[in-house]
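J.: Build me a model:
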Amino acid sequence: MGNVPRKYGGITSVMVMAFILMITVGGTEVDTQGMYFRDIRRCNFFASQIEQGNRYRNGAYYYAGNRIDGWCVPVMVPSNTLFWD
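T.: Alright, predicted model coming up:
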């Protein structure tokens with residue numbers, strides 16, 4: 001995939017593919033706006049670490065309180081976006 005030029009208010013900005021970290025706690029989505037990553041592996045690392053904050057018992061996650069889920073979604077963002085990797 002290449003960069004896609006877009007116009008915003010007369011200014012041309014280059015769009016790039018990124019991955020945004022998504023999190024739910026107890027089924028409720030957490031606002032993660034601004035948690036963009038260029039590398040899917042780095043995004044998945046954080047998603048995995050957030051999920052593993054839960055206890056692990058007998059080969060499966062054990063949720064002492066609320067279930068926590070994390071995953072990454074591909075999105076197109078301006079190239080000047082702040083990335084966390």
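
J.: what lines up beside the longest strand along the chain in the sheet?
T.: Counting by DSSP state E, the longest strand found in the chain is strand 11-25. Its sheet considered, strand 11-25 pairs with strand 4-8 (antiparallel), strand 28-30 (antiparallel), strand 36-37 (antiparallel), strand 68-78 (antiparallel) by DSSP bridges.

J.: How about the last one, which residues are buried there?
T.: By neighbour count with 16 or more other C-beta atoms under 10 Å, strand 68-78 contains the buried residues I68, D69, G70, W71, C72, V77. Backbone N, C-alpha and C define where each C-beta goes, glycine included.

J.: Closest to the centroid, which residue in the chain?
T.: Nearest to the mean C-alpha position of the chain, by C-alpha atoms, centre = their mean, lies L21 at 1.3 Å.

J.: do you know which of the strands paired with strand 11-25 lies nearest I50?
T.: Relative to I50, the nearest member of the strands paired with strand 11-25 by C-beta to C-beta is strand 68-78, separated by 4.2 Å.

J.: who's in contact with the closest one?
T.: 4, 6, 8, 13-25, 36-37, 40, 43-44, 46-48, 50-51, 53-54 (C-beta atoms under 8 Å, 6 or more residues apart in numbering).

J.: Give me the three-state assignment for I50.
T.: helix (DSSP: H, G, I helix; E, B strand; the rest coil).
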